[in-house]
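Chemist: Need the 3D shape of this:
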Amino acid sequence: MTIIKILNSLDKSWKRDDILLKIKKGLGTNEIVNEFLLKNENQIKELNSLLRPEDIHLLNQVEQLSTCESKLINEIRNLNYLEKNENHHILIQKNIEPSNRVSFNRISSFMTNWSNKFVVIALLTISAIALSKQAWT
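Modeler: Residues are numbered from 1 along each chain as shown. Predicted structure coming up:
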């Protein structure tokens, strides 16, 4: 059997729609792959014996393509999750009570006033020490 015939036969056995139905039924990816390997064991062995080094290289490239597609799907899913999470965060911020904001503003203004007073008192203390040292010399 030629490589083209084997590949066409394997392609017919690996219909994406059928695989998707199996996934929807709850079959795991390992189960699906193992089932495919068992059903097509002879063809896969024959294909493997007919592969040349450049064909192996092509298989590696196809595998990399599948990995890229998988990563792209994950990134799209993650972006969708982040957008939903950001929208949820915005809704939560809109629902914050004004009293919480006022208390935060009060704490903020207290800290600002306290730090300003501390700086002024520290400067006055340093000036007083410096003046008293000058007076004693």
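Chemist: And for residue 39, the neighbour number?
Modeler: A count of nearby residues for residue 39, using other C-beta atoms under 10 Å, gives 13. C-beta: built from backbone N, CA, C; applies to glycine.
Chemist: List the contacts of it.
Modeler: Residue 39 sits next to residue 13 when contact means C-beta atoms under 8 Å, 6 or more residues apart in numbering.
Chemist: repeat that with 10 Å
Modeler: By C-beta atoms under 10 Å, 6 or more residues apart in numbering, residue 39 lies in contact with 10, 13-14.
Chemist: With residue 10 instead?
Modeler: Residue 10 sits next to 36, 39-40, 43-44, 47 when contact means C-beta under 10 Å, 6+ apart.
Chemist: Residue 76 and residue 69, how far apart?
Modeler: Residue 76 sits 11 Å away from residue 69, going by C-beta to C-beta, to the nearest Å.
Chemist: same question but for residue 55, I mixed them up
Modeler: Taking C-beta to C-beta, one finds residue 55 at 21 Å from residue 69.
Chemist: okay, the contacts of residue 39 in CSV with secondary structure next?
Modeler: Listed next are those as CSV, based on DSSP: H, G, I helix; E, B strand; the rest coil:
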residue, secondary structure
10, helix
13, helix
14, coil
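Chemist: circling back to that earlier point, I'd like to know which of the contacts of residue 10 are buried.
Modeler: 36, 40, 43, 47 (16 or more other C-beta atoms under 10 Å).
Chemist: Among those residues, which lie within helices?
Modeler: Under the assignment DSSP state H, the buried ones among the contacts of residue 10 contribute 36, 43, 47 to helices.
Chemist: Show me which of the contacts of residue 10 is closest to residue 3.
Modeler: The shortest gap between residue 3 and any of these belongs to residue 47, at 6.6 Å (C-beta to C-beta).
Chemist: Looking at the closest residue to that closest one other than its chain neighbours now. What's its pLDDT?
Modeler: Excluding the flanking residues, the one nearest residue 47 by C-beta to C-beta, 6 or more residues apart in numbering is residue 6, at 4.6 Å. In the prediction, the pLDDT value recorded for residue 6 is 86.
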